[in-house]
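My questions are about this predicted structure, shown below with the sequence.
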Amino acid sequence: VQLQACGGGLVQPGGSLRLSCATSGFSLDEYDIGWFRQAPGKGREGVSCISSSGGTTYYADSVKGRFTISKDNSKNIVYLQMNNLKPEDTAVYYCAKYAGWVPDYWGQGTLVTVSS
């Protein structure tokens, strides 16, 4: 099982980025996938997740209305579209595969910096 997140970078406030999580070793249609982030000096927090069927999504209140999670099962990729980015969105973003209610495999992080 592997997950690899990419797409981070430096963006100005109000800008957009799309993160990608490339997965292998399992089927996206069998497991939920989540995005998490860890800001400097803070703990890791859940940002969004998508169910195995793709029919259910979750967003943290802090990103609701600005971030959209989606996936392409044929490409084994999960996306996180981030719009109207704010400085407080600055963090290392991770994707993770769930086993039940608990993440069991993590990708390496990708750094998102929102700054003018």
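Thanks, I have it.

State the phi and psi torsions of the residue nearest in space to the middle of the chain.
Nearest to the mean C-alpha position of the chain, by CA atoms, centre = their mean, lies residue 35 at 3.0 Å. Main-chain torsions, residue 35, degrees, to the nearest 10: phi -110, psi 140.

Show me what it is bridged to.
With DSSP bridges as the criterion, residue 35 is bridged to residue 48, residue 95.

From what I see, residue 35 and residue 95 are in contact.
Yes - here residue 35 reaches residue 95: they are 5.5 Å apart, a contact under CB atoms under 8 Å. C-beta: built from backbone N, CA, C; applies to glycine.

Pull up the overlap in contacts between these two.
19, 21, 78, 80 (CB atoms under 8 Å, 6 or more residues apart in numbering).

Can you name the two of those that sit furthest apart?
By the measure CB to CB, 19 and 78 form the most distant pair in those, at 8.8 Å.

List the buried residues for the helix or strand harbouring residue 46?
According to DSSP states H and E, residue 46 maps onto strand 44-50. For strand 44-50, burial by neighbour count (16 or more other CB atoms under 10 Å) applies to 44, 47, 48, 49, 50.

I'd say the third one and residue 59 touch.
In other words, residue 48. Yes - using CB under 8 Å, residue 48 is in contact with residue 59, at 5.0 Å.
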